[in-house]
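K.L.:
pasting the sequence and the predicted model now:
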Amino acid sequence: MHKVTVIGSGFAGLTAVRQLRKLSKDVEISLVSPRAELHYYPSTIWIPSGLRRREDLVIPLNNFFRRMNVDFHQAHVTGLSDDGRTVYTDDGELDNDGLIIASGGRFIKKLPGIEHAITPCEGIDAAEKIRERLDQMDGGTIAVGFAGNPKEPSAMRGGPMFEFLFGTDTLLRKQKRRDKFRLIFFSPAPQPGNRLGPRAVKSLLQAMERRDISTHLGHKMVGFEDNKVMTEGGDFDADLIMFMPGMTGNAWFDNSTLPRSEGGLIKANHHCKVEAMSRVYVAGDSGSYPGPDWMPKQAHMADLQAEAAAKNLIGEFAGSASDATFRIELICIVDSNHKGMLVSRTEKKNIMLPESVLFHWMKRGFEWWYLRQYR
């Protein structure tokens, strides 16, 4: 009986578990993660407005692990050895015949003063902190922005920042105090959101103009102070700063022989197989994959990669084909708390549909549909 270790309990890790179990009732699955919970990050955009609370987005996984016959190992991974056959954790070692790494990415926190900015995608704590800060403010300037990893074009997550920006604007208008705030969007990219496609960029910038949101674009970041954003194109004051830096690989990668891209992620092929390693696969934000530079780091992409990784690992065990690939596909709804803009992009087409109440409810409906498999 083959033993598989899955590292991570996020979208990619849990999808890998479901796919492994779908393909084999006999394989032994161990999952390593600091907690037996799924934190549904896409809906943290609704925490500042009160549309969602922590308890809505934290899904205990004990029942899911029991249904899937998974041995949960609560620990932090610290490294690998033996070509991936041994996983080191802060609570012992795990041996395996096959490994799927789905431990996510790490935000690059090198800018001076970055501790003065809140990084929303760090999780529910960050979203709650934004809510608390907004509740405490009587007025002032709110700055929202993102940057990337210049050595890894795909290692960025800009979409949620548009949502926090538009959601904040909607909330303040609902509270009838928008006139007391200045909102400014900043990014070193002159065309922020270009991974969504040119039509989407145009629509996003037009939406900012309609909402009286200022922009500061195309200037390299220098750093932050507790009430200031500093760029090579000038500084501006800010009473609340939300900033999403680029992403790189987990710190524990350094304690392994995993092949790394220039941007610090794990190098993998179209089949999600880690280069030059045996029966080791990667899915989601941890990996650097061949494809266009607009390939997204989002839950949908992580799910597709995890399915391919699981299929190929089971194929290797069976001595059959291990040639499953994943679609390169960006699908997102840029939500503003009551409306949403639908964006879809593949290698053949790019679709952008304007804001609609329907898309907001579609996003909420997808949340319910997705989480029901883990509840």
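P.N.:
Done, it's in. Numbering: from 1, shown residues only.
K.L.:
I'd say residue 191 and residue 202 touch.
P.N.:
No: in this structure, residue 191 is not within contact of residue 202 by Cβ atoms under 8 Å, at 9.1 Å. In short, each C-beta sits where N, CA and C put it, glycine included.
K.L.:
residue 351 belongs to a strand?
P.N.:
Yes: counting by DSSP: H, G, I helix; E, B strand; the rest coil, residue 351 is located in a strand.
K.L.:
pretty sure it contacts residue 344?
P.N.:
Yes: counting by Cβ under 8 Å, residue 351 touches residue 344, with 4.4 Å between them.
K.L.:
the two: who's more crowded?
P.N.:
residue 344 (17 against 13; other Cβ atoms under 10 Å).
K.L.:
the more buried one touches residue 331, doesn't it?
P.N.:
Yes: counting by Cβ under 8 Å, residue 331 is a contact partner of residue 344 at 5.1 Å.
K.L.:
and the strands in the stretch 1-150 of the chain?
P.N.:
3-7, 28-33, 37-39, 58-60, 70-74, 77-81, 86-89, 92-95, 98-101, 106-107, 140-146 (DSSP state E, counting those that start in this stretch).
K.L.:
export the helix or strand where residue 365 lies as PDB, just CAs?
P.N.:
Assessed by DSSP states H and E, residue 365 sits inside helix 357-371. In PDB, the C-alpha atoms belonging to helix 357-371 read as follows (Å, rounded to 0.1, in the frame of the first residue of the first chain):
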ATOM      1  CA  VAL A 357     -25.600  42.700  -8.600                       C
ATOM      2  CA  LEU A 358     -25.900  39.300 -10.100                       C
ATOM      3  CA  PHE A 359     -22.100  38.700 -10.000                       C
ATOM      4  CA  HIS A 360     -22.000  39.600  -6.300                       C
ATOM      5  CA  TRP A 361     -24.600  37.000  -5.500                       C
ATOM      6  CA  MET A 362     -22.800  34.500  -7.800                       C
ATOM      7  CA  LYS A 363     -19.700  34.900  -5.700                       C
ATOM      8  CA  ARG A 364     -21.700  34.400  -2.500                       C
ATOM      9  CA  GLY A 365     -23.400  31.300  -4.000                       C
ATOM     10  CA  PHE A 366     -20.000  29.800  -5.100                       C
ATOM     11  CA  GLU A 367     -18.700  30.200  -1.500                       C
ATOM     12  CA  TRP A 368     -21.700  28.200  -0.200                       C
ATOM     13  CA  TRP A 369     -21.200  25.500  -3.000                       C
ATOM     14  CA  TYR A 370     -17.500  25.200  -2.400                       C
ATOM     15  CA  LEU A 371     -17.500  25.000   1.400                       C
END
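K.L.:
hmm, who's touching it?
P.N.:
38, 40, 42-43, 59, 333, 335-342, 353 (Cβ atoms under 8 Å, 6 or more residues apart in numbering).
K.L.:
list the buried residues in it.
P.N.:
For helix 357-371, a neighbour-count test (16 or more other Cβ atoms under 10 Å) marks 359-360, 363-364, 367, 370 as buried.
K.L.:
cool, stretch 74-81 as well?
P.N.:
75, 77, 79-80.
K.L.:
next: stretch 318-338.
P.N.:
Result for stretch 318-338 [16+ other Cβ under 10 Å]: buried residues 322, 324, 326, 328, 330-338.
K.L.:
name the element the residue nearest to residue 15 when sequence neighbours are not counted belongs to?
P.N.:
Using Cβ to Cβ, 6 or more residues apart in numbering and skipping the chain neighbours, the partner closest in space to residue 15 is residue 306 (3.9 Å). Under the criterion of DSSP H and E, residue 306 resides in helix 299-318.
K.L.:
and that helix, average pLDDT?
P.N.:
Mean per-residue pLDDT for helix 299-318: 96.
K.L.:
if I look at the residue most central in space within the chain, how far off is residue 253?
P.N.:
When Cα atoms, centre = their mean is applied to the chain, the residue found nearest the centroid is residue 298 (4.9 Å). Counting by Cβ to Cβ, to the nearest Å, the gap between residue 298 and residue 253 amounts to 21 Å.
K.L.:
then residue 359?
P.N.:
37 Å.
K.L.:
one more: residue 207?
P.N.:
38 Å.
K.L.:
list the contacts of residue 338.
P.N.:
170, 357, 360.
K.L.:
that one sits in which helix or strand?
P.N.:
With DSSP H and E as criterion, residue 338 is part of no helix or strand.
K.L.:
isn't residue 33 right up against residue 13?
P.N.:
Yes: counting by Cβ under 8 Å, residue 33 touches residue 13, with 7.1 Å between them.
K.L.:
and for those two, which residues touch both?
P.N.:
Between them, residue 33 and residue 13 share these contacting residues under Cβ under 8 Å, 6+ apart: residue 7.
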